[in-house]
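Asks: Got a sequence here, can you model it:
(chains A, B, C and D)
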There are 2 protein chains.
Amino acid sequence: MTNTERSPRRAATEARILDAALDVFADHGFRGATLDGIASAAGMSKPNLLYYFATKEEMHVALLDGLMDTWLDPLEALDPTGEPIEELRAYIRRKLAMAQRYPRESRLFANEIVQGAPRIASMLSGRLRALVQAKAAILDEWIMQGRLAPVDPAHLIFAIWATTQHYADFDVQVCAVLDSDDDARFDTALATLEILFIDGLRPRG
Amino acid sequence: MTNTERSPRRAATEARILDAALDVFADHGFRGATLDGIASAAGMSKPNLLYYFATKEEMHVALLDGLMDTWLDPLEALDPTGEPIEELRAYIRRKLAMAQRYPRESRLFANEIVQGAPRIASMLSGRLRALVQAKAAILDEWIMQGRLAPVDPAHLIFAIWATTQHYADFDVQVCAVLDSDDDARFDTALATLEILFIDGLRPRG
DNA sequence: TTGGAATTTTTCCATCTGGTCAAATGCTAC
DNA sequence: GTAGCATTTGACCAGATGGAAAAATTCCAA
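Replies: Model prediction:
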């Protein structure tokens, strides 16, 4: 049996490092992040960092691996036995809440993917694709039953990802355009997205 | 009179450099881009680059400044005298075409904004905000006239940006999930986005 | 053709950065 | 208390990178 048990002390230090690394990676991307920056954010020396994670890459991988589950949770929770419109409304709500609560995680992934996902390509065509295909099958079923407008399920998921993560990844732009960084922007966003996705722009006459 | 005229030769070389720089900046972000990489992509020596642009930053600024106009064109073209639904449908079409034709430009901006827009903050709260506010006024007018569902205009614009630029910025993810890099994804995307934005997911009964 | 300006390259440098090493310190079981 | 292990750090290194200098080459007008 491999010893996967780590002392609580070690686990706590690793968590502190990963939290600092998340800050720095989200703000500067993998290449832009420096070990000095992460060490300083974690309140320790650079060699001490490398005592816990042998390389910068290892830190990055640990972050991505550890966060992927949480990141995909909202989609996992899409319930095939639920009412389609309400399920999607709830999914949008969960995903937007995720962007609000975990903006660093969102920007970590965004940085990685915008630059061609050099370090997580396999995850995209593996877990991620599998999950989307599974959920797309549910959406297709709903569409066939006439309980959902006939859209491409994968692209619908893309649209929900794009609009919700926008409030994390492009937050500085959103705040600049709105001329405000009041948290209320998330409420307005949710209201707008619900109307858009559920009933669209055409006035119901 | 300041001499803003540059020889055609110089202009051509500058254009060649900026094209190479766009490649590299889009792929690696500002920090990740190297002068060696840009020089190599432009087919010239590094010091020769610096003969035309004194610093890496200057190249980056030249790119952002030069591309902002093109980038905002689709929104500029929103016509207050047009039919609201058709205007927005056309805007979505233009913006998606932009993402398809100019993915590098989209990723250049995405890289910059995800990392906090350290070099274009003023543009965001200047030109960009002004343009959005101007167009939001048009949308508000349409909403007051009952020709558009009552959504927050700025957030509607955000949603259109997010969904269309997604096909440039997150292209590797889109292709990985779809398991295809066929150009047809843009057609499917357009069809899906039109249905979503115009009529929403709720089946018309 | 030729002189001077524009362009290009070779060489070089200072700094930053990921990572190593050995020494020092702290912690815990006995 | 102390032996032995875990943790932490200061000093250091090699390669990458942004940029400077100056020489070499090309181009063009007269």
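Asks: Regarding chain A, what is its longest helix?
Replies: Criterion DSSP state H: the longest helix present in chain A is helix A:8-32.
Asks: Following element in sequence after that one, please.
Replies: helix A:35-42 (DSSP states H and E).
Asks: Following element in sequence after that following helix, please.
Replies: helix A:46-52.
Asks: Any idea how far that following helix is from the middle of the chain?
Replies: Relative to its parent chain, helix A:46-52 has a centroid offset of 28 Å by CA atoms, centre = their mean, to the nearest Å.
Asks: residues contacting the most centrally placed residue in chain A?
Replies: Central residue of chain A (CA atoms, centre = their mean): residue A:106, 4.1 Å from the mean position. By CB atoms under 8 Å, 6 or more residues apart in numbering or on different chains, residue A:106 lies in contact with A:98, A:99, A:165, A:168, A:169. Where you see a C-beta, it was placed from the backbone N, CA and C, and this is true even at glycine.
Asks: Recalculate using a threshold of 6 Å.
Replies: Contact analysis of residue A:106 by CB atoms under 6 Å, 6 or more residues apart in numbering or on different chains lists A:99, A:165, A:168, A:169.
Asks: before we move on, what about residue A:87?
Replies: Contacts of residue A:87 (CB under 6 Å, 6+ apart): A:78, A:79.
Asks: Could you say which helix or strand holds it?
Replies: helix A:84-101.
Asks: After that helix, which helix or strand is next? Please name it.
Replies: Per DSSP H and E, the first helix or strand lying C-terminal to helix A:84-101 is helix A:103-114.
Asks: Kindly calculate the angle that that following helix makes with helix A:8-32.
Replies: Using axes from the mean of the first three to the mean of the last three CA atoms, to 10 degrees, the inter-axis angle of helix A:103-114 relative to helix A:8-32 is 40 degrees.
Asks: Next, count neighbours for the nearest residue to residue A:125 once chain neighbours are set aside.
Replies: Spatial nearest neighbour of residue A:125, chain neighbours left out: residue B:176 (4.3 Å); criterion: CB to CB, 6 or more residues apart in numbering or on different chains. Neighbourhood size, residue B:176 [other CB atoms under 10 Å in any protein chain shown]: 23.
Asks: what's the answer for residue A:10, then?
Replies: Neighbour tally, residue A:10, other CB under 10 Å: 12.
Asks: Give me the pLDDT for the residue of chain A found nearest DNA strand D.
Replies: Residue nearest to DNA strand D within chain A (CB to the nearest atom of the strand): residue A:47, separated by 3.1 Å. Residue A:47 is assigned a pLDDT of 97 by the prediction.
Asks: quick check, nearest of the contacts of residue A:106 to residue B:89?
Replies: Lowest distance from residue B:89 to the contacts of residue A:106 (CB to CB) belongs to residue A:165, with 24.0 Å.
Asks: so which helix or strand takes in the closest one?
Replies: helix A:153-169.
Asks: Mind listing residues that contact that helix?
Replies: Counting by CB under 6 Å, 6+ apart, A:92, A:95-96, A:99, A:103, A:106-107, A:110, A:132, A:136, A:139-140, A:189, A:193, B:114, B:158-159, B:162-163, B:166, B:188-189, B:192, B:196 sit against helix A:153-169.
Asks: What subset of these is buried?
Replies: Among the contacts of helix A:153-169, those buried by neighbour count (16 or more other CB atoms under 10 Å in any protein chain shown) are A:92, A:95-96, A:99, A:103, A:106-107, A:110, A:132, A:136, A:139, A:189, A:193, B:114, B:158-159, B:162-163, B:166, B:189, B:192, B:196.
Asks: Show the end-to-end separation of stretch A:180-189, please.
Replies: Distance between the two ends of stretch A:180-189: 14 Å, counting by CA to CA, to the nearest Å.
Asks: For chain B, tell me whether that stretch is touching it.
Replies: Yes - judged by CB under 6 Å from any CB of the partner chain, stretch A:180-189 comes into contact with chain B at A:188, A:189.
Asks: tell me the mean pLDDT for that stretch?
Replies: Stretch A:180-189 comes out at a mean pLDDT of 98.
Asks: how far out from the middle of the chain is that stretch?
Replies: Distance, centroid of stretch A:180-189 to centroid of chain: 19 Å (CA atoms, centre = their mean).
Asks: Centre of the chain to the helix holding residue A:87, how far?
Replies: Using CA atoms, centre = their mean, the offset of helix A:84-101 from its chain centre is 12 Å.
Asks: Name the residues of that helix that come out as buried.
Replies: Neighbour-count burial for helix A:84-101 [16+ other CB under 10 Å]: A:84-85, A:87-92, A:94-96, A:98-100.
Asks: ok, back up a step: could I get the helix holding residue A:165 in CSV with only the CA atoms?
Replies: These are the backbone C-alpha positions of helix A:153-169, laid out as CSV (Å, rounded to 0.1, in the frame of the first residue of the first chain):
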residue,chain,number,x,y,z
PRO,A,153,-26.6,20.7,-26.8
ALA,A,154,-22.9,21.1,-26.8
HIS,A,155,-23.1,24.7,-28.1
LEU,A,156,-25.8,25.4,-25.5
ILE,A,157,-23.3,24.3,-22.8
PHE,A,158,-20.6,26.4,-24.4
ALA,A,159,-22.9,29.4,-24.3
ILE,A,160,-23.6,28.9,-20.6
TRP,A,161,-19.9,28.5,-19.8
ALA,A,162,-19.0,31.5,-21.8
THR,A,163,-21.6,33.9,-20.3
THR,A,164,-21.1,32.9,-16.7
GLN,A,165,-17.3,32.6,-16.7
HIS,A,166,-17.2,35.9,-18.5
TYR,A,167,-18.0,37.5,-15.1
ALA,A,168,-14.8,36.0,-13.6
ASP,A,169,-12.4,36.0,-16.6
